[in-house]
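Trainee: Starting from these lines, generate the structure:
(2 chains)
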Amino acid sequence: MTINSILLVSLLLVAIWTVMTIRLIRSIVGLALTSALLSVIMYRLDAPLAAVFELSVCAGLISVIFITTVSFTQRVSRERLLARRKERLKKLFYLPFIIIVAAFFLAHYLKLPPLDLGAVTKNPEARVLLWNLRHLDLLGQVIVLLAGVFGVVVLFKEDRS
Amino acid sequence: MSPDTLEMFRYFLIFIILLFISGIYCILVSFNLIRALIGLEILIKAVTLLIIVAGHITGRGALAQAIVITLIVIEIVVMVVAGGVALWAFRYNKTIDPRRLSNLRG
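Mentor: Numbers count the residues shown, from 1 in each chain, chains lettered A, B, ... in the order given. Predicted coordinates for the structure are as follows:
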C-alpha cells in the first residue's frame, strides 16, 4: 500500500501540475507522465494488458497528437505569454486549495457501505475474454475507429470551391 | 467484502475524486480548446483508474481490462477528431479560444 500511496500522490501532483502550468508543451509532458504513472498503478493492480495499452497509446500516441496540434496552432509572443501567465495564475490560484479542502473532507467524511459482491465463479484471461466473449465491444471499437478516420478525412479535406 | 478491501477502495476513491476535480476545474477555467482536451484526458484517466480498481477488488480484473482497452480506443479517436476540430477552428478563425468562435452556425 505504501508504494501505491506514493504512486497515487505522484499521480495527483503531476495532474495538478499539468493543469496549472502555463506552457502547453509542459502540460502535454505532464499528461504523458500522468499516463505513465497510471500505467504503473494499473500494472500493480494486476492489469498488465491495460497498462501496456495505457503506456503506449495514452503516454505515446496522444502526446504526439497533442504536440502536432499545438505546433500547428500556437504562435504566442513572449510578452503575450507573460501577460497570460498572470491571468492564468489568478484563475488557477484556487485549485490547490480546492484539492486540499476536498481531500480533507473526503478523508474524514467519505464512508462506504459494506458491499456484498458475491463470489466470482470464473475469471478468464483478458485476451480470451476480449476476443471470445466481448464481440460487441470489438465491433464497437471498429465502428468508432472508422468513424474517427471518416471524421479526420472530412476535417482535413481541401476546400476546392 | 473484507474491511481491508473496502478501506483500499476508499483510499483509491479519494484520489480518483481529486483527479476528477482537477480535470473539471481545468475544463471550466480554460479558454483554450487544447487545454480543455487536456482536462478531458485527466477526467478519462480518473475513470480508467476507477474501472481498474473496481475490477481488482471484485476479482473481475479481466473484464475491467477489456473495458479499459475499449475505453482507450474510444479515447484516442475522440482526441484525434477533437484535435482535427481545433486545427479546423484555427485555420478558419486564427484562434482556438472558444469565446471567439463566433462564426459557428446554430
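Trainee: What score does residue 4 have for pLDDT?
Mentor: No chain was given, so I picked chain A. Looking at residue A:4, its pLDDT reads 89.
Trainee: switch to chain B, that's the one I care about
Mentor: Residue B:4 is assigned a predicted lDDT (pLDDT) of 78.
Trainee: Distance of it relative to residue A:137?
Mentor: 32 Å (Cβ to Cβ, to the nearest Å). For the C-beta atoms, the positions are set from N, CA and C on the backbone; glycine is no exception.
Trainee: what about those two, which has more around it?
Mentor: Neighbour tally, residue B:4 and residue A:137, criterion other Cβ atoms under 10 Å in any protein chain shown: the higher count belongs to residue A:137, 16 against 9.
Trainee: In three-state terms, label the more buried one for me.
Mentor: For residue A:137, the secondary-structure state derived from DSSP: H, G, I helix; E, B strand; the rest coil is helix.
Trainee: That one contacts residue B:65, correct?
Mentor: No. Using Cβ atoms under 8 Å, residue A:137 is not in contact with residue B:65; the gap is 11.4 Å.
Trainee: so what sits against both of the two?
Mentor: Shared contacts of residue A:137 and residue B:65 (Cβ atoms under 8 Å, 6 or more residues apart in numbering or on different chains): residue A:130.
Trainee: Can you tell me the centre-most residue of the chain?
Mentor: Answering for chain A, as no chain was given. The geometric centre of chain A, computed from its C-alpha atoms, lies nearest to residue A:35 (Cα atoms, centre = their mean), at 5.8 Å.
Trainee: please go with chain B instead
Mentor: residue B:44 (2.4 Å).
Trainee: Stretch B:88-101 spans what distance, first to last residue?
Mentor: Using Cα to Cα, to the nearest Å, the end-to-end distance of stretch B:88-101 comes out at 11 Å.
Trainee: contacting residues around that stretch?
Mentor: The list of residues contacting stretch B:88-101 from outside it, by Cβ under 8 Å, 6+ apart, reads A:72-73, A:155, B:31-34, B:36, B:86, B:103.
Trainee: what's the average pLDDT for that stretch?
Mentor: Regarding stretch B:88-101, the rounded mean pLDDT is 81.
Trainee: List the buried residues for that stretch?
Mentor: For stretch B:88-101, burial by neighbour count (16 or more other Cβ atoms under 10 Å in any protein chain shown) applies to B:89-90, B:96.
Trainee: So what's the gap between that stretch and the chain middle?
Mentor: Centre-to-centre, stretch B:88-101 and its host chain are 23 Å apart (Cα atoms, centre = their mean, to the nearest Å).
Trainee: ok so, going back, which elements pack onto the helix or strand harbouring the residue nearest to the centre of chain B?
Mentor: Secondary structure here is read from DSSP states H and E; on that basis residue B:44 sits in helix B:33-58. With contacts defined as 3 or more Cβ pairs under 8 Å, 6 or more residues apart in numbering or on different chains; DSSP states H and E, the packing partners of helix B:33-58 are helix A:2-20, helix A:24-44, helix A:62-73, helix B:3-29, helix B:61-93.
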